[in-house]
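**Student:** Attaching a predicted model along with its sequence, questions to come.
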Amino acid sequence: MTPADQPEPILRFVEQILSSHGTGEANLPTVLDRVLAHFGCVVGTIHRLNPSSGMLELLAHRGVPKAVLDQVRAIPVGKGMAGLAAQRRQPVQVCNLQTDDSGVAKPGAKLTEMKGSIAVPMLDGQTLRGTLGLARPEEHTFSEDQTRALLGVASLIARHLA
């Protein structure tokens, strides 16, 4: 088992950061930095669902190229990996964004030059609060343990945003 397959350390860290810095969005970049490091990823996003517009709005990001940033500031539910994860309320992943032809990822996703990527819903119980997305430069399929850990992190963030 690799460190990224062990959920306890990352969950403890995220819970500690979220509980010690109060509510709000100010601590999300710190959480995102740690999650990226834990999973060996270099690109990450946290989107919050705006219930009025039905759009996922970007709260925090790391490593997103400027050419893509405007495209990911607001994402409709059901569009792209984050939108599909929100719509399905299930993780959506692609082993290689550069060669994917499933239609899951938007064409602009290739501009990130990332390959292995995953988006997970941020659920507070049954309530969707947003999505958490990670990507890395090499092909990668996130294991069940990694996916479970990411869902745990996403749930902690969702409760924090409630």
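**Tutor:** The structure has been received and is ready for your questions.

**Student:** all strands of this protein, in order?
**Tutor:** Along the chain, the segments classed as strands by DSSP state E run 43-50, 55-62, 74-76, 92-94, 117-124, 127-135.

**Student:** Save those strands as JSON lines, and put in mean pLDDT, mean neighbour count and distance to Pro29 too.
**Tutor:** Yep, even glycine has a C-beta here, placed from its N, CA and C like the rest. As requested, the strands of the chain are exported to JSON lines (pLDDT from 0 to 100; neighbours: other CB atoms under 10 Å; distance: least, CB to CB, whole Å):
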{"stretch": "strand 43-50", "mean pLDDT": "98", "mean neighbour count": "22", "distance to Pro29": "9"}
{"stretch": "strand 55-62", "mean pLDDT": "98", "mean neighbour count": "19", "distance to Pro29": "5"}
{"stretch": "strand 74-76", "mean pLDDT": "96", "mean neighbour count": "17", "distance to Pro29": "19"}
{"stretch": "strand 92-94", "mean pLDDT": "94", "mean neighbour count": "23", "distance to Pro29": "23"}
{"stretch": "strand 117-124", "mean pLDDT": "98", "mean neighbour count": "25", "distance to Pro29": "16"}
{"stretch": "strand 127-135", "mean pLDDT": "98", "mean neighbour count": "25", "distance to Pro29": "13"}
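
**Student:** Of all those strands, which one is nearest Thr141?
**Tutor:** Between Thr141 and those, the shortest gap by CB to CB is with strand 92-94, which sits at 6.8 Å.

**Student:** Quick one: low-confidence residue ranges for the protein.
**Tutor:** Within the chain, the ranges that satisfy pLDDT under 70 run 1-7, 21-24, 107.

**Student:** May I see the strands of the chain organised as a markdown table, with distance to Asp100 added?
**Tutor:** Output for the strands of the chain, formatted as a markdown table (distance: least, CB to CB, whole Å):
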| stretch | distance to Asp100 |
| --- | --- |
| strand 43-50 | 15 |
| strand 55-62 | 20 |
| strand 74-76 | 17 |
| strand 92-94 | 5 |
| strand 117-124 | 9 |
| strand 127-135 | 12 |
